[in-house]
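1. Give me a model of this one.
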Amino acid sequence: MTDAERPNVVLVFTDDQGYGDLGCFGSPYVETPNVDRLAAEGARFTDFQAAPICTPSRAALMTGSYAARVGLGEGVLFPGDDEGLHPDEVTIADVLSGAGYATTCIGKWHLGDHHPFLPTDHGFDSYFGIPYSNDMRPDNTHGGDSHPPLPLVRDDEVVEAEPDQSQLTRRYTDEAVSFVEDRAGDDEPFFCYLAHTMPHVPLHASEEFAGGSYGGLYGDVIEEIDHGVGRLLDALEREGVADDTLVVYTSDNGPWLTMGHDGGNSGPLRGGKQSAYEGGHRVPAVVRWPGVVPEGTVCRELATTMDLLPTLAGLAGAADAVPTDRVLDGVDIRSLLEDPESADTPREGFAYFDSGGDLRAVRDDAGLKYYPEEGELYDLHRDVSERTDVSEERPDAVARLRERFEAVAADLEANGRPVGREPGEPFTERADS
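-> Numbering: from 1, shown residues only. Alright, predicted model coming up:
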């Protein structure tokens, strides 16, 4: 594959944004003209699955594997934890960097806050952002432990302590735009992973956007993120690389419903963040790649964040870099990109976990989803809200999916990989300006 055929990749990954929190996914309260433009010029994926909480979702995205498989399925990492993404794991950035891509990570990482767990240890040339959730501050304790001041990090050094969070979305976008401008003229392609800190609480919007939406502060935050997407699209156009760039916009998990008006909206889906219901795992996803992804299309087939690693590897001409010495759970979904409305999913199914990392449900590619503990079966293609249990009507499906559940559990135990363990010092006020 020639360099001209290898796309640049811009991946925008929001935090706790619900399925119903984009205009193109039916939000009546939040206006997102720029993401809606992506959808009009590309495809909406309406059955796109992630993990139900922050760290597991990012582990699955980066490695193409269920978080439980890489030892990061249980809860989230906290400042100074001795654990992180194992140095031997192969990430999307590792694969693309090895294929000659310039790579940057901007925003939230949440896979370890010291070496050897940082983005620059996992294939990214550079990093700028907050390495974990924005509520992990001194005034918010978890388990009775206080946290150090929230660090804004460049590569592996703190450049500010307790940055003004109302400016984070703009600053992240500034970094992403500068990266595109710096790399657009290079002979080699680039990968920009822009992982916004918000709309994870606490919510902050800049003065320009505060009070501007019908969706309260949560809506203000989404609309500022959307504005940043517009700035990125403008930069791609201005630099002449829009047609050569695959843009993906999605979220790490569903909305944090217990936060009320600050927590977002799961639309027609049951449940939200931390839940094994669709509202916890199914996230909005929009993909644009001019000339490859047909305009204004909708893909209703099953796809997941784990599929991005093998898919991007194939697009980069680096399929050989996808590790074969371990089990990966992602599959190449290029066929869905090229033919969103007619191609069948290459996935056989998907496994659902709760926030504690316990396997709770499995589904097949036809949309039948089974919860063994509850004994409930739902037909997601007819009942995406998971309201009508059809287990008594479909004993054949129950038996088949119970067997699949047991097989997944056994496979995860037999083919799990270790979490990284390395004591280190948490980020502190090593710099305050």
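2. the helices in the stretch 251-400 of the chain, which residues?
-> Using DSSP state H, counting those that start in this stretch, the helices of the stretch 251-400 of the chain run over residues 278-281, 308-315, 334-338, 395-414.
3. how about the ones you listed in TSV, adding distance to residue 7, mean pLDDT and mean neighbour count?
-> To be clear about C-beta, it is placed using only N, CA and C from the backbone, and glycine gets the same treatment. Below are the helices of the stretch 251-400 of the chain laid out as TSV (distance: least, Cβ to Cβ, whole Å; pLDDT from 0 to 100; neighbours: other Cβ atoms under 10 Å):
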stretch	distance to residue 7	mean pLDDT	mean neighbour count
helix 278-281	27	98	29
helix 308-315	6	98	24
helix 334-338	10	98	19
helix 395-414	32	98	14
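4. and of those, who's closest to residue 220?
-> helix 278-281 (22.4 Å; Cβ to Cβ).
5. Please save the CA atoms from the closest one in CSV.
-> As requested, C-alpha coordinates have been extracted for helix 278-281 and formatted as CSV (Å, rounded to 0.1, in the frame of the first residue of the first chain):
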residue,chain,number,x,y,z
GLU,A,278,-27.0,-1.0,26.3
GLY,A,279,-26.9,2.5,27.8
GLY,A,280,-23.5,1.7,29.4
HIS,A,281,-21.8,0.1,26.4
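6. Could you export the helices of the stretch 251-400 of the chain to JSON lines, including columns for distance to residue 194?
-> Converted to JSON lines, these look like this (distance: least, Cβ to Cβ, whole Å):
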{"stretch": "helix 278-281", "distance to residue 194": "22"}
{"stretch": "helix 308-315", "distance to residue 194": "14"}
{"stretch": "helix 334-338", "distance to residue 194": "20"}
{"stretch": "helix 395-414", "distance to residue 194": "30"}
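7. So for residue 139, which of these sits nearest?
-> Among these, the nearest to residue 139 by Cβ to Cβ is helix 278-281 (27.3 Å).
8. helices or strands up against the biggest helix by length in the chain?
-> The single longest helix within the chain, with elements called by DSSP state H, is helix 216-238. For helix 216-238, the helices and strands in contact under the criterion 3 or more Cβ pairs under 8 Å, 6 or more residues apart in numbering; DSSP states H and E are strand 8-14, helix 33-40, helix 168-183, strand 245-251.
9. Not counting sequence-adjacent ones, nearest residue to residue 124?
-> Beyond its immediate neighbours in the sequence, the residue positioned closest to residue 124 (Cβ to Cβ, 6 or more residues apart in numbering) is residue 105, lying 4.4 Å away.
10. Could you count how many residues lie near the one you found?
-> The burial count assigned to residue 105 is 28, neighbours taken as other Cβ atoms under 10 Å.
11. For it, list each beta-bridge partner.
-> Taking DSSP bridges, one finds residue 127, residue 193 as the beta-bridge partners of residue 105.
12. Run through the residues that contact residue 200.
-> For residue 200, the residues meeting the contact criterion (Cβ atoms under 8 Å, 6 or more residues apart in numbering) are 15-16, 54, 108, 133-135, 256.
13. neighbour-wise, which of those leads?
-> The most neighbours, when the contacts of residue 200 are compared by other Cβ under 10 Å, belong to residue 16, which has 29 neighbours.
14. Nearest to residue 291, out of the helices of the stretch 251-400 of the chain?
-> Evaluated with Cβ to Cβ, these place helix 334-338 nearest to residue 291, the distance being 10.3 Å.
15. which secondary structure elements does the closest one contact?
-> helix 308-315.
16. circling back: buried residues in the longest helix of the chain, which are they?
-> Residues of helix 216-238 classed as buried by neighbour count (16 or more other Cβ atoms under 10 Å): 217-233, 235-236.
17. Strand 8-14 and that one, what's the angle between them?
-> Relative orientation of helix 216-238 versus strand 8-14 (axes from the mean of the first three to the mean of the last three Cα atoms, to 10 degrees): 180 degrees.
18. what's the neighbour count on residue 162?
-> When neighbours are counted by other Cβ under 10 Å, residue 162 comes out with 14.
19. Please tell me how far it sits from residue 237.
-> When Cβ to Cβ, to the nearest Å is the yardstick, residue 162 and residue 237 sit 36 Å from each other.
20. swap in residue 180?
-> When distances are taken as Cβ to Cβ, residue 180 and residue 237 turn out to be 10 Å apart.
21. All set now, cheers.
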